[in-house]
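**Q** I need the structure of the sequence given here:
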Amino acid sequence: MSERVPAIKVVLLPKDTNAYGTIFGGVILSHIDLASAVQARTVAPHRYVTKAMREVDFHEPVFLGDIVSFFTETVRVGRTSVTVRVSVEAERWGATSSGGRAIGERIKVTEAEVVLVAVDAEGRPVPIRPEGLTV
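**A** Next comes the predicted model:
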């Protein structure tokens, strides 16, 4: 069985932290949005805009120095939209492990479903696939 390959992988830096020393949730949301767009482009090469991000619950914090992976999966392809599930995992690589977790341990941080709409240069929705083409 092959290892999963993330759509994007990042190391988060001091500029990404809040007053408590953990990574801002909004930084994670931004990377979820980017990862979903990377996945949508594999479905069809369009310009995409984000319509919705559904149910984002954070299960674990992300710490400075963690390596964060954003894994994607296409859930649904509609006429003008693509729904992508993004699963976020952090590898603990900071100087100390928090909560008794082992250095290098991979933990689930959150997941979300993102709905993206294909648009033309004027921002109007366009079909994902040419009319009449079925897959």
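**Q** how much space between the residue nearest to the spatial centre of the chain and I103?
**A** By Cα atoms, centre = their mean, the mean C-alpha position of the chain lies nearest to I32, the distance being 2.6 Å. For I32, the distance to I103 equals 25 Å [Cβ to Cβ, to the nearest Å]. Any C-beta I mention is one placed from the backbone N, CA and C, and that applies to glycine too.
**Q** try V43
**A** Taken as Cβ to Cβ, the span from V43 to I103 is 37 Å.
**Q** neighbour count: the two, which is higher?
**A** V43 (17 against 11; other Cβ atoms under 10 Å).
**Q** which non-adjacent residue is nearest the more buried one?
**A** V82 (5.2 Å; Cβ to Cβ, 6 or more residues apart in numbering).
**Q** helix, strand or coil for the one you found?
**A** The three-state assignment at V82 reads strand, by DSSP: H, G, I helix; E, B strand; the rest coil.
**Q** I'd like to know how many residues surround it.
**A** 26.
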